[in-house]
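Peer 1: got a structure for you, letters missing:
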């Protein structure tokens, strides 16, 4: 539901559903479970779409911390997380913070995905 509302531009409703999902996951999962990272990332995406970059960064970083704990260092989902944060820093004009994250994302993807991956 949250993704549909995000696509429709109804960000407050999207946040409502994503935050409900997060609460359910927080109750039922351990604090370092990767599914919590998904919820944090989804909320970050909505704030990013709203142009609220500092809030988006907060949730992207929460997601990233969980992924760094729960996934291998070369996992493609971790690459996506670094990419999200890097692109956000780019939007914020903080290029010196963006570049190392985007490079890290690229390195992981090159190592973990086949050369034929789109």
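Peer 2: Great, that's in hand. Treat the numbers as computed from the prediction; the structure is a model and nothing was measured.

Peer 1: what helix or strand does residue 85 sit in?
Peer 2: Take DSSP states H and E as the rule and residue 85 turns out to sit in helix 76-91.

Peer 1: Contacts for that helix, please.
Peer 2: Residues from elsewhere that reach helix 76-91, judged by CB atoms under 8 Å, 6 or more residues apart in numbering: 34, 37, 41, 44-45, 48, 53, 56-57, 60-61, 63-64, 67-68, 71-72, 95, 97-102, 104-106, 108-109, 112-113. (Each C-beta comes from the backbone N, C-alpha and C, glycine too.)

Peer 1: Give me the local confidence score for residue 116.
Peer 2: At residue 116, the model reports a pLDDT of 81.

Peer 1: And what about it, helix, strand or coil?
Peer 2: coil (DSSP: H, G, I helix; E, B strand; the rest coil).

Peer 1: List the buried residues in stretch 6-14.
Peer 2: 6, 11, 13, 14 (16 or more other CB atoms under 10 Å).

Peer 1: rewinding a little: just the angle between the following helix or strand past the helix holding residue 85 and helix 76-91, please?
Peer 2: Tracing the chain C-terminally past helix 76-91 and defining elements by DSSP H and E, one meets helix 95-112 next. Angle of helix 95-112 versus helix 76-91, following axes from the mean of the first three to the mean of the last three CA atoms, to 10 degrees, is 160 degrees.
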